[in-house]
Every structure is written in structure tokens, then in C-alpha cells.
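Asks: Fold the stuff below for me.
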Amino acid sequence: KDMGATEVVDYTNEEQLEQFFQNNAGVIDCVYDAATNSGGGEDYWDKSIPLLKKDGEGKFTALNGPPSKWIRRLSGREGENESLLMMNSNTADLELIFRLMDKIKAKPLVNVMPFTEEGFHEAFKLLKSRRVKGKIALDII
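Replies: As a prediction, this is how the structure comes out:
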């Protein structure tokens with residue numbers, strides 16, 4: 001919640017997650033899905049669409065998705081109010097993101113590990129856990 005969320009759901013607790021989906025149908029303004037198809041077999045896309053406000057008000061954006069969603073995106077046949085975020089990274093966009101983040105005084109979440117054998121093991125353990133918040137960095141200085 002300290003990052004601006006109005007509600008936080010523990011997606012590892014299946015009962016809590018299902019309860020959230022049931023209790024919030026049609027009331028969410030925006031779903032930003034950064035987990036679907038990120039490598040652990042997650043798929044929240046279809047379950048998230050019913051959460052959106054009706055009449056075109058709710059928006060769903062995903063960073064990734066199953067092959068069928070990519071095909072729909074590339075062929076211009078995405079579902080109404082659904083979008084698969086495709087980015088062509090460039091310096092101007094990254095500078096804009098930096099300025100916007102700086103304007104709201106946002107701080108990135110970074111896990112800094114020492115540049116040692118133990119640090120590498122800890123960093124990879126955290127990475128493989130799929131529970132890391134923010135970025136993992138190794139301090140080489």
C-alpha cells in the first residue's frame with residue numbers, strides 16, 4: 001500500500017485471491033498485470049477482465065501474455081479495453097519516465113547484494129523465488 005495500491009492481495013494465497021475476484025467484479029478502474037506468463041505458469045488475464053468497470057470505463061494492461069493474446073495484439077484484434085504493452089525502448093521515453101518518477105518522489109525498490117560468491121547465491125535464490133520486489137543489483141565496488 002505504501003506504493004499507492006488501495007488494496008493488496010496475496011496472490012500466493014489461492015483462497016484470498018479467489019475471494020478478491022468474487023468480491024470485486026465490475027468495480028476496478030484499471031488492472032496492470034505484470035505476472036501473467038512471466039515464467040511461473042501464471043495466468044490472471046481472463047480472471048481479471050470481469051473485475052473491470054463496465055461501459056468501457058475499466059482498462060486492462062499486461063506486460064506479457066499467452067501466445068493467443070500476442071497474436072490478437074499483432075493482428076489488431078485485442079479485446080475491448082484490453083492491451084498488451086509493447087514497448088520500443090528509447091532514450092527519450094526513459095528520460096520522461098525518470099522525470100515523472102522524480103516529480104512524484106518515487107523511489108525504485110532495489111535489493112543490493114555484495115559482489116561475492118555468497119552474494120551471487122543469495123541474488124539467484126531471490127530471483128528464482130519469484131517473490132522479489134524491485135530489482136536485484138550486485139555491488140561491485
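Asks: count of residues packed around Tyr44?
Replies: 19 (other Cβ atoms under 10 Å). From N, CA and C alone the C-beta is placed, and that goes for glycine too.
Asks: tell me the contacts of it?
Replies: By Cβ atoms under 8 Å, 6 or more residues apart in numbering, the residues touching Tyr44 are Tyr11, Asp33, Ala35, Thr36.
Asks: make it 6 Å
Replies: Residues near Tyr44 by Cβ atoms under 6 Å, 6 or more residues apart in numbering: Asp33, Thr36.
Asks: so how far is the helix or strand containing Gln16 off the chain centroid?
Replies: Per DSSP states H and E: Gln16 is located in helix 14-23. Distance, stretch centre to chain centre, for helix 14-23: 18 Å (Cα atoms, centre = their mean, to the nearest Å).
Asks: Buried residues, the helix or strand following it. List them.
Replies: The helix or strand immediately downstream of helix 14-23 is strand 30-33, counting by DSSP H and E. Neighbour-count burial for strand 30-33, counted by 16 or more other Cβ atoms under 10 Å, picks out Val31, Asp33.
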